[in-house]
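Visitor: pasted the sequence and its predicted model underneath.
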Amino acid sequence: MKATKVVLFPTPGAGHLVAMVELAKQILHHSGHTLSITILQIHPPSTSPLNSSNTSTHVQDVAASGLDIDFVELPPSDHDPEGEGVMQTLSYIESQNPALSTTLTSISAETTVSAIVLDMFCVGVAGVPAELGIPTYVLYTSGAAMLTTFLYLRTLDMTYDCDFRELKALIHIPGRSPVPASALPIPLQEKQSPSYQWFMKAAELYSKLDGLLVNTFEGLQPTPIKALTDGLCTPGSRTPPIYPVGPLLGLRLESPEHDCIKWLDRQPQSSVVFMCFGSMGALSPEQIAEIACGLESSGQRFLWSIRIRPSGAPRFSEPEDVDPREVLPEGFLERTKEKGLVWPRWAPQVAILSHPAVGGFVSHCGWNSTLESVWFGVPMIAWPLYAEQSMNAYELVNDLGLSLGVFMKEEGGGLRMKEEGGGLVKGEELEKAVWSLMEGEEGKKVREKMKEAKNMARKAVEEGGSSYSALASLVQEWTKGH
């Protein structure tokens with residue numbers, strides 16, 4: 001009898017690879033190591049926003065772990081990527097169809113491929129494994145509420161004639177509170193744009209999948225998960241089976257030798273606000289000055305990971321380390337040295353969020369960062385910058401109560417986003433939010449909610465928990481008859 005294998009195909013980029021690798025580890029565990037895993041890799045164009053994420057170290061660590069996980073690199077495509085930014089990556093992924101077909105055929109000659117799990121942005125290649133008779137799934141690396149939005153897009157498209165960027169009304173989406181149209185990700189704002197057309201096509205492809213794995217857990221997002229399983233997001237169409245299997249997190253603690261961790265060791269418990277905008281998060285000099293003012297005025301202890309994007313660099317180019325004295329107000333470092341630490345380079349986020357001194361997290365609300373904050377029970381202040389982050393922020397603040405927000409009061413309560421034309425967040429706004437989180441009554445409520453979410457996250461992945469059971473049932477399907 002041939003061995004049995006599950007193939008995983010992540011989108012390029014560290015965040016997507018980490019979630020896939022964690023899924024691979026869980027699949028091996030649930031199968032009693034009767035399954036093996038192959039992770040397919042592609043390298044995006046040099047101009048892609050995902051090209052900057054360095055994944056080689058993570059791949060080397062997994063390869064050296066002794067787990068039955070191997071990496072296969074698809075041959076480079078001759079395809080000249082079309083479009084700009086994310087569209088370049090999406091078109092490049094779809095240009096891999098011939099190479100994917102050849103690779104899957106080769107693997108299938110030696111082993112039984114019981115399933116392939118594609119990253120959420122790789123669904124454009126789903127026809128290849130389907131033609132080969134391989135059950136095809138998608139790992140949706142964002143949350144269930146964002147998935148409801150994505151699947152409901154075809155209904156929204158028929159409901160509104162205008163572009164969403166022109167719409168002033170609140171949008172009603174199953175499984176979540178109404179949100180301003182301005183909160184939708186930029187790729188969904190303009191109906192004639194290539195990115196909008198891609199998402200419309202992808203929503204249709206999702207309905208043909210054998211299943212959707214979602215990086216969330218039932219206790220965190222029960223309402224959107226129910227909307228998905230009840231078929232409310234795909235009226236008149238099929239909803240594939242939904243498997244909430246999260247949180248899938250790469251929680252390998254980085255070296256504790258970082259000076260910022262040593263600094264945290266000297267701070268009182270739950271006293272420090274950690275401020276970080278993710279691997280692609282960079283702010284303007286004007287916004288940095290306002291943040292400095294707000295942190296100083298709040299009187300709270302802080303650890304601020306600060307990076308800038310070089311002048312004239314593309315929006316999604318990776319931020320660079322910076323000399324803080326070049327961008328911070330004069331005298332700021334001296335005035336705050338007793339209470340704050342400015343960390344002008346990449347921050348070991350997992351080690352920081354897991355540290356007992358950290359009591360708050362000012363975050364861009366990327367889904368991985370959100371799940372890490374939940375896992376360690378750190379209450380948040382939402383400050384979204386791009387992609388689906390504003391949708392995540394609305395959910396965290398309005399639906400889940402796990403975060404306070406930095407909001408505009410005008411224009412229907414739209415979230416203020418510097419990168420998307422929302423104007424500067426003033427220092428006074430940040431000061432108020434930080435003080436409220438760390439000292440106020442609102443902060444106490446958020447802290448209690450986050451403590452509950454932390455406990456639910458850990459129970460979900462324990463034996464008998466909701467995510468544990470969901471993945472166990474899926475792996476049982478994949479090993480049946482083998």
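Guide: Perfect, thanks for sending it.

Visitor: which of the three states applies to Ala457?
Guide: Three-state call for Ala457 (DSSP: H, G, I helix; E, B strand; the rest coil): helix.

Visitor: okay, it and Lys262: tell me how far apart.
Guide: 28 Å (Cβ to Cβ, to the nearest Å). (Glycine included, C-beta is placed from N, CA and C.)

Visitor: CA atoms only for stretch 178-185 - export them in CSV, please.
Guide: What follows is stretch 178-185 as a C-alpha-only set of coordinates in CSV (Å, rounded to 0.1, in the frame of the first residue of the first chain):
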residue,chain,number,x,y,z
PRO,A,178,-22.8,46.7,10.4
VAL,A,179,-19.6,48.5,9.3
PRO,A,180,-19.0,51.6,7.2
ALA,A,181,-18.2,50.9,3.6
SER,A,182,-14.9,52.8,4.1
ALA,A,183,-13.7,50.0,6.4
LEU,A,184,-13.7,47.5,3.5
PRO,A,185,-10.1,46.7,2.3
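
Visitor: next, the buried residues of that stretch.
Guide: Neighbour-count burial for stretch 178-185 flags 179-185 (criterion: 16 or more other Cβ atoms under 10 Å).

Visitor: if we can go back for a sec, who has more neighbours out of Ala457 and Lys262?
Guide: The neighbour comparison of Ala457 against Lys262 (other Cβ atoms under 10 Å) goes to Ala457, with 23 against 11.

Visitor: how close does that one sit to Ser403?
Guide: 15 Å.

Visitor: just the pLDDT for Lys444.
Guide: pLDDT for Lys444: 98.

Visitor: any idea which helix or strand comes after the helix or strand containing it?
Guide: Here Lys444, judged by DSSP states H and E, is contained in helix 441-461. Sequence order places helix 466-479 as the next helix or strand after helix 441-461, per DSSP H and E.

Visitor: tell me the pLDDT of Gly414.
Guide: The predicted local confidence for Gly414 is 46.

Visitor: apologies, that question was intended for Ser182.
Guide: pLDDT, read off for Ser182, is 86.

Visitor: so it is in contact with Arg165, correct?
Guide: Yes. Assessed by Cβ atoms under 8 Å, Ser182 is found in contact with Arg165 at 7.3 Å.

Visitor: tally of neighbours for Glu82?
Guide: Neighbours around Glu82, by other Cβ under 10 Å: 13.

Visitor: whoops, Gly211 was the one
Guide: 17.

Visitor: shouldn't it be in contact with Tyr243?
Guide: Yes. Counting by Cβ under 8 Å, Tyr243 is a contact partner of Gly211 at 5.9 Å.

Visitor: quickly list what's touching both of those two.
Guide: By the contact definition Cβ atoms under 8 Å, 6 or more residues apart in numbering, Gly211 and Tyr243 are jointly contacted by Leu474.

Visitor: rewinding a little: list the helices and strands the helix holding Lys444 packs on?
Guide: Under the contact definition 3 or more Cβ pairs under 8 Å, 6 or more residues apart in numbering; DSSP states H and E, helix 441-461 sits against helix 367-376, strand 403-405, helix 427-439, helix 466-479.

Visitor: identify the residues contacting the longest one?
Guide: Residues outside helix 466-479 that contact it (Cβ under 8 Å, 6+ apart) are 4, 6, 26-27, 30-31, 34-35, 114-115, 135, 211, 213, 217-219, 243-247, 460-462.

Visitor: just the endpoints, please. Distance across stretch 101-121?
Guide: 18 Å (Cα to Cα, to the nearest Å).

Visitor: low-confidence ranges, the chain, go.
Guide: Counting by pLDDT under 70, the chain has low-confidence residues at 1-2, 44-58, 60, 63-64, 81, 253-256, 279-281, 309-321, 407-423, 481-482.

Visitor: what do you get if the cut-off is 50, keeping everything else the same?
Guide: Per-residue confidence for the chain (pLDDT under 50) gives these ranges: 52-53, 408-421.

Visitor: just want the most central residue of it.
Guide: Trp367 (3.1 Å; Cα atoms, centre = their mean).

Visitor: not counting its neighbours along the chain, what's nearest it?
Guide: Distances taken as Cβ to Cβ, 6 or more residues apart in numbering put Ser142 closest to Trp367, at 4.5 Å, once the chain neighbours are dropped.

Visitor: kindly report the same for Lys339.
Guide: Nearest in space to Lys339, with sequence neighbours left out and distances taken as Cβ to Cβ, 6+ apart, is Arg301 at 4.8 Å.

Visitor: how about the one you found, phi and psi?
Guide: Dihedral angles of Arg301 (phi, psi; degrees, to the nearest 10) stand at phi -70, psi 140.
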